[in-house]
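> Turn this into a model:
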Amino acid sequence: MAEITPGERTVSEIEDEVRTIEDPGALSELLTEEEEGKDRKTAKKAIQARIDEVADESPVSEADGGTDTDDTETEGEYEETEEDVESPDEAETTAEEPESDESESAESESTDGEDEEAEEDDGLTEPTVDKKHVRALEDGVYRDMWVYCETQGGELLDVSKEMLGKARELMDGYAEEYGDEERVVAVLVGDDMEELAEECITLGADVAVYHDDERLERFRHKPYTEIVADMARSKTDWKEYDKPRYFLFPATNNGRDLSAQTQAELDSGLASDCSGLTITDELISNPVKTGQPGEKIEFERILHMQRPDFSGFEYSTILCIDNPDREFHPQGCSVIPGSFDQMAPDADREGEVVSHDADLPDDWFRVEVSEWDTLDTGVDLTDRDVIVAVGRGIGDNPTEGIELALDLVDAFEDADLGLSRGVVTASYSVEGHVEQYVSEERQIGETGQVVQPPLYIAAGISGAIQHKVGMDESETIIAINTDTDADIRDFSDFFIEGDLFEVLPRLTDAVEAGELDAVAAEDDD
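Numbers count the residues shown, from 1 in each chain. A predicted model of the protein is given here:
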């Protein structure tokens with residue numbers, strides 16, 4: 001008799017419990033009971049996998065002319081060890097930090113009481129169901145910096161162009177430092193991507209690989225993940241290494257989704273929402289990384305990924321560093337839009353454009369999107385030269401405060417209005433002609449847009465930590481506040497003590513009269 005009754009267990013429980021059963025007969029009986037009961041595909045697959053595993057572990061008898069075999073690791077093999085996670089449902093993908101334990105690969109979750117269906121095997125998938133502890137590839141080779149270039153409406157997003165420019169800068173420095181010429185590889189998935197791939201070459205890429213399918217016009221979780229992972233781990237004429245050395249993704253809604261899933265598929269970690277990147281060597285003494293207490297090892301060519309911490313006053317640097325017998329590649333992160341400058345397009349740049357081809361199972365497109373609404377394009381503050389932001393200081397007369405800020409915006413050639421979270425959450429009552437400007441999409445800060453314009457004017461903003469995260473990389477910050485002890489004074493270049501209702505009109509007059517330009521010219525001299 002089987003040791004467990006499948007109808008009384010979830011798929012996750014069956015997956016855990018069958019690992020303890022050594023009797024092939026009991027496992028076969030369990031498989032029959034599942035087939036005659038709930039007949040769940042994932043459950044049957046787990047039981048059959050254990051049957052095959054037990055059969056492989058059984059020694060070959062001498063009568064058959066065989067001998068006992070040793071358990072020997074092979075390239076890409078997945079081995080169960082004492083370091084295994086407790087359950088696939090509990091595994092998460094985390095980026096490696098200098099003093100942290102190694103990351104564990106992400107697993108798909110099962111829902112109690114539902115009819116579980118596993119994806120059919122195909123040419124793109126890797127054996128992820130039974131992953132417990134991932135060993136390094138034998139003599140794995142990793143090269144190049146890959147950049148996932150997100151598109152929308154047939155155009156590259158600005159953040160994609162920004163990442164290409166930063167990647168070009170990093171890999172040019174990499175070649176000077178290490179003497180190795182490694183490439184910037186742009187990755188595109190969608191419909192009619194070839195021209196955009198060619199554009200990526202002009203923006204800094206050495207290679208642009210794209211996958212075209214009319215069904216991929218809009219982002220789809222499963223096929224996008226499998227396609228990008230397949231591009232990264234398949235060897236081809238233009239790519240003769242195992243996986244990319246580095247991988248950058250945009251920290252957009254779709255980019256965050258894709259980055260986590262792709263890095264999990266590639267058996268590595270992820271640093272999310274980064275705004276600073278450098279490549280250098282790092283001396284590490286952590287025994288988890290070195291293998292020996294008290295020993296120091298210099299890890300080479302490490303991508304240092306900086307992200308603002310929750311205080312807003314410090315930046316955490318995240319490293320994806322290998323453990324003994326375990327390599328974390330690609331070293332990957334998602335990048336906050338607006339963090340880097342775009343490279344000026346160079347139509348004379350030469351590069352290779354590659355079309356990726358793979359059969360995509362129809363099962364990946366079971367849901368058909370028949371109708372959709374197009375949202376407003378919204379307000380993008382990330383590429384403005386000047387941002388005039390207002391905070392709770394407008395509370396005495398919100399309508400007038402917005403009007404005065406808009407007057408100053410109009411005085412500049414390329415400026416726009418920003419808001420602190422305090423204005424958005426306060427639900428101020430404003431008159432209709434300025435109501436459109438008091439919207440969440442103009443919010444700047446940790447939960448809003450992150451900007452770094454040449455000039456940032458903060459009027460009536462106290463300088464809360466959450467707001468600082470969104471603007472403290474601005475080149476010049478001018479703060480206007482009646483409170484000389486306001487936090488924003490500590491990180492402003494110029495602090496004007498005064499009431500914004502009085503100061504903003506005077507600034508507007510000065511800009512319109514060209515007085516600020518004259519002052520700037522004197523400073524340049």
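
> what are the ranges of the helices in the stretch 101-250 of the chain?
158-178, 194-202, 221-233 (DSSP state H, counting those that start in this stretch).

> need these in a markdown table with distance to Val430 and mean neighbour count, can you?
Where you see a C-beta, it was placed from the backbone N, CA and C, and this is true even at glycine. As requested, the helices of the stretch 101-250 of the chain are exported to a markdown table (distance: least, C-beta to C-beta, whole Å; neighbours: other C-beta atoms under 10 Å):
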| stretch | distance to Val430 | mean neighbour count |
| --- | --- | --- |
| helix 158-178 | 30 | 20 |
| helix 194-202 | 41 | 19 |
| helix 221-233 | 40 | 21 |
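
> nearest to Gly432, of those helices?
helix 158-178 (31.8 Å; C-beta to C-beta).

> I'd like the average pLDDT over the closest one.
Mean per-residue pLDDT for helix 158-178: 95.

> burial of the closest residue to Asp490 other than its chain neighbours, as a residue count?
Excluding the flanking residues, the one nearest Asp490 by C-beta to C-beta, 6 or more residues apart in numbering is Gly463, at 7.3 Å. For Gly463, the count of nearby residues is 23 (other C-beta atoms under 10 Å).

> what's near enough to touch Gly463?
479, 486-491 (C-beta atoms under 8 Å, 6 or more residues apart in numbering).

> related to what we said a few turns ago, so can I have a markdown table of the helices of the stretch 101-250 of the chain showing distance to Glu435?
Shown next, in a markdown table, are these (distance: least, C-beta to C-beta, whole Å):
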| stretch | distance to Glu435 |
| --- | --- |
| helix 158-178 | 28 |
| helix 194-202 | 38 |
| helix 221-233 | 37 |
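
> which residues does the nearest residue to His356 once chain neighbours are set aside bridge with?
Spatial nearest neighbour of His356, excluding adjacent residues (C-beta to C-beta, 6+ apart): His211 at 4.4 Å. With DSSP bridges applied, His211 shows beta-bridge pairing to Val189.

> remind me which residues of the stretch 101-250 of the chain are low pLDDT?
101-136 (pLDDT under 70).

> for the contacts of Gly463, which one is nearest Asp414?
Nearest to Asp414 among the contacts of Gly463, with distances taken as C-beta to C-beta, is Ala479, at 21.1 Å.

> Tell me if I am right that the closest one is in a strand.
Yes - judged by DSSP: H, G, I helix; E, B strand; the rest coil, Ala479 forms part of a strand.

> right, and it touches Ile496 too?
Yes - using C-beta atoms under 8 Å, Ala479 is in contact with Ile496, at 6.9 Å.

> For those two, indicate the residue with more neighbours.
Shown here are Ala479 and Ile496; by other C-beta under 10 Å, Ala479 has more neighbours (25 against 17).

> Could you look up the SS state of Arg256?
Following three-state DSSP, Arg256 is assigned to helix.

> Can you pull the phi/psi pair for the spatially closest residue to it that is not a sequence neighbour?
Spatial nearest neighbour of Arg256, excluding adjacent residues (C-beta to C-beta, 6+ apart): Ser334 at 5.7 Å. Dihedral pair for Ser334: phi -100, psi 150, per degrees, to the nearest 10.

> From Gly391, how far out is Ser334?
Ser334 sits 29 Å away from Gly391, going by C-beta to C-beta, to the nearest Å.

> Point out where the stretch 301-450 of the chain drops to low pLDDT.
Within the stretch 301-450 of the chain, the ranges that satisfy pLDDT under 70 run 310-313, 374-377.

> so where do the helices sit in it?
Under DSSP H, counting those that start in this stretch, the stretch 301-450 of the chain gives helices at 398-411, 421-426, 432-435.

> which one of those helices lies closest to Ala232?
Among these, the nearest to Ala232 by C-beta to C-beta is helix 421-426 (37.9 Å).

> biggest strand in this protein by residues?
Counting residues, the longest strand found in the chain (DSSP state E) is strand 297-308.

> That strand packs against which elements?
On a contact count with 3 or more C-beta pairs under 8 Å, 6 or more residues apart in numbering; DSSP states H and E, strand 297-308 meets helix 158-178, strand 270-274, strand 276-284, helix 287-290, strand 315-318, strand 331-335.

> rerun that using 6 Å as the cut-off
strand 270-274, strand 276-284, strand 315-318 (3 or more C-beta pairs under 6 Å, 6 or more residues apart in numbering; DSSP states H and E).

> quick revisit: narrow the contacts of Gly463 to those that are buried.
Using 16 or more other C-beta atoms under 10 Å as the burial test, these include 479, 486-489 as buried.

> so how far is Gln152 from Glu400?
37 Å.

> ranges for the strands of the stretch 351-500 of the chain?
352-355, 386-390, 415-419, 455-459, 476-481, 494-497 (DSSP state E, counting those that start in this stretch).

> need those in a markdown table with distance to Ser285, can you?
As requested, the strands of the stretch 351-500 of the chain are exported to a markdown table (distance: least, C-beta to C-beta, whole Å):
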| stretch | distance to Ser285 |
| --- | --- |
| strand 352-355 | 42 |
| strand 386-390 | 44 |
| strand 415-419 | 44 |
| strand 455-459 | 41 |
| strand 476-481 | 39 |
| strand 494-497 | 43 |
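
> looking at those, which is closest to Glu13?
Comparing the strands of the stretch 351-500 of the chain by their distance to Glu13 (C-beta to C-beta), the top pick is strand 352-355, with 44.7 Å.
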